[in-house]
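> prediction below, plus the sequence it came from.
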Amino acid sequence: MKRLIEKLQSLQNINGHLAGQIAEMFVPKIFNKGLLLSTPDHSYPEIYFIENGLARGYFIHDGQEYTSWISENGFILPTTSFFSYSRSIEYINFLKDSSGYALNLNQWNEHAKINPAYSPILLEIYEENIQNVKQREQMLRIRHAETRFLHFQKLHPELINLPIHKILASLLGIESKYLFKIKRKYRR
C-alpha cells in the first residue's frame, strides 16, 4: 500500500489525513497474468491501482490488436465511463502476475456526497489520465519511427527492455522487425 499512499499524497488536492482515509477504502487485489480485467462488454465501475506488475490496454480493429498503453504501476480507470455510461472498445489485461488495489466508484461517490473534498481528488486522477493519453497521442504524431522510439525510451526507460516486444511495437506504431533493428542500434 506504500506506493498507493505515496501516489495519493503526491496529488495537489489532498492532505495526508485524507490520503490515508482514501487508501483504506481500497481493497487489496491480486491480478494473475493473462487476466482480462475489462472488455468492451464487461467493465466494473472501479478504479484500480497497480502497486507492482504489468498491465496494458488495447483494442481490436479488423481482427488485429493495437496497444493503447502499458503500465507497471499507477491508476487504471474503468473502460466504460462511470459518469455517462458510454461504452468503450478497450480491453485491459495483465501481462504478468500483479498486485494492487480496487475501489468501487459508487463507494467513492457516496463518500464524496458526505465529504466534498473527495471530488477534486477523483477529478485530478482522471485529469492525470487525460494528460497521459495526450502524451501518447503526441508521441504517435512523431513521424519518424526511430525518433518516436527515442522519445518513448526517454519517457519510459523501464519498459523498453521488458519481454513484450510485439506489444511495445504495437504501442509505438512500429512494425516488429523494424523495432528490433532500432532497439539493437540503441541498446544500452
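Yes, it's here.
> longest strand in this structure, by residue count?
strand 46-61 (DSSP state E).
> just checking: what are the partner strands of whichever helix or strand comes after it?
Beyond strand 46-61 on the C-terminal side, the first helix or strand identified by DSSP states H and E is strand 64-71. Looking at strand 64-71 with DSSP bridges, its partner strands are strand 46-61 (antiparallel).
> helices or strands next to the host helix or strand of residue 121 in the packing?
Residue 121 is located in helix 118-140, with elements delineated by DSSP H and E. Contact here means 3 or more C-beta pairs under 8 Å, 6 or more residues apart in numbering; DSSP states H and E; on that basis helix 118-140 packs against helix 16-25, strand 64-71, strand 74-76, helix 105-114, helix 145-155, helix 165-172. (Glycine included, C-beta is placed from N, CA and C.)
> relative to helix 16-25, how tilted is it?
Here helix 118-140 runs at 80 degrees with respect to helix 16-25, directions being taken by axes from the mean of the first three to the mean of the last three C-alpha atoms, to 10 degrees.
> contacts for helix 118-140?
Helix 118-140 has contacts (C-beta atoms under 8 Å, 6 or more residues apart in numbering) with 8, 11-14, 18, 22, 47, 68-69, 75, 77, 105, 108, 111-112, 148, 151-152, 155, 171-173.
> I'd like to know which of those are buried.
The neighbour count (16 or more other C-beta atoms under 10 Å) marks 8, 11, 14, 18, 22, 47, 68-69, 75, 77, 105, 108, 111-112, 148, 151-152, 171-172 as buried among these.
> domains of the protein?
Using automatic domain parsing, the domain ranges for the chain come out as 2-141, 142-188.
> dump the ones you listed to CSV, plus mean pLDDT.
Shown next, in CSV, are the domains of the chain (pLDDT from 0 to 100):
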stretch, mean pLDDT
domain 2-141, 92
domain 142-188, 92
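> please report how far residue 97 lies from residue 32.
If you measure residue 97 against residue 32 using C-beta to C-beta, to the nearest Å, the figure is 6 Å.
> so between these two, which is more surrounded?
Higher neighbour count among residue 97 and residue 32: residue 97, with 14 against 10, using other C-beta atoms under 10 Å.
> now the more buried one: phi and psi?
Phi and psi for residue 97, reported as degrees, to the nearest 10, are phi -60, psi 130.
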